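Novice: 3D, please:
(one chain, ligands or ions: 1)
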Amino acid sequence: MNHIEYGPLAGIIGVWKGNSGTDVSPEPSVGTEKTPYTETLTCEAIGDVINAKKQHLWVVRYHQVVRRKSDDEVFHDQVGYWIWDADRQQVIQSLTIPRAVCVLAGGTASTELDGTTHIDVTAKAGDPHWGIVQSPFMDSNAKTTAYRHQLTVKDDLLTYSQSTLLDIYGKSFDHTDGNTLLRSDHS
Ligand code: HEM
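Specialist: Have a look, this model is predicted:
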């Protein structure tokens, strides 16, 4: 299928699987917990949207399911959209996680001569555009203050690393995640 309208997002469409993920998250008793994980990332091309008659967006909807390697339990579930605005050369990621936190991150993409695509999006709490919205509880107890997601895709290989800055247990904590995935199916 030709997905040229999706710009830099064309390469991420499909079902991806990876088993070399590492999560670093806050744990009050030991400070930091490192957890190896496996992951399935499903990215579906869902077409285009027009805003105010003049902004043309192409949209990929995704679902990320992450399982702890030690017991195969799902310990992170995330849904969202990757959005491409060709006129503004902007990549947008909107995501929500079931802790009552939503992120709208914006950024750019670039493609090397060999076809490797890099995507880099960020959001900050308080930013009026690329921001983070969270419940009153999370705002007071486990506030997400900044988010950055960097993704590289070439053919059937996708890698990402992300940093989610949290204000939790009285300090700032860099909650990080990263994985390498192989495409197991085109959708
Ligand atoms: C692969 C991606 C991710 C994984 C595997 C993951 C996993 C985890 C784990 C294991 C914890 C500790 C939970 C606990 O101690 O009970 C945690 C905490 C947290 N995560 Fe993530 N996370 C991911 C992505 C994100 C993202 C994208 C956000 C927000 C945008 C986020 C926000 C939080 C917050 C606010 C907490 C603090 C809650 C707490 O520890 O009580 N996480 N995450």
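Novice: For this protein, list the residues in contact with the ligand, please.
Specialist: 23, 25-27, 35, 37, 66, 75-76, 97, 99, 101, 103, 138, 142, 144, 147, 164, 166, 168, 175, 177 (CB under 6 Å from any ligand atom). C-beta: built from backbone N, CA, C; applies to glycine.
Novice: mind running it again at 5 Å?
Specialist: Within the chain, the residues that sit near the ligand (CB under 5 Å from any ligand atom) are 23, 25, 66, 76, 101, 103, 142, 144, 164, 177.
Novice: partners of the helix or strand containing the second one, with directions?
Specialist: In other words, residue 25. Remark: residue 25 resides in strand 14-27, with elements defined by DSSP states H and E. Paired with strand 14-27 in the same sheet, following DSSP bridges, are strand 31-51 (antiparallel), strand 171-185 (antiparallel).
Novice: Chain neighbours aside, what residue packs nearest to the spatially most central residue of the chain?
Specialist: Residue closest to the mean C-alpha point of the chain, counted by CA atoms, centre = their mean, is residue 149 at 5.8 Å. Closest residue in space to residue 149, ignoring its immediate chain neighbours: residue 162 at 4.3 Å, by CB to CB, 6 or more residues apart in numbering.
Novice: quick one: contacts for the one you found?
Specialist: Each residue near residue 162 by CB atoms under 8 Å, 6 or more residues apart in numbering is listed here: 147, 148, 149, 150, 176, 177, 178.
Novice: For the third one, give its distance to residue 133.
Specialist: What that stands for is residue 149. Residue 149 is 17 Å from residue 133, where distance means CB to CB, to the nearest Å.
Novice: next one: the first one
Specialist: Distance, residue 147 to residue 133, by CB to CB: 12 Å.
Novice: So if I had to pick from these two, which one is more boxed in?
Specialist: Between residue 147 and residue 133, counted using other CB atoms under 10 Å, residue 147 has the larger neighbour count: 24 against 15.
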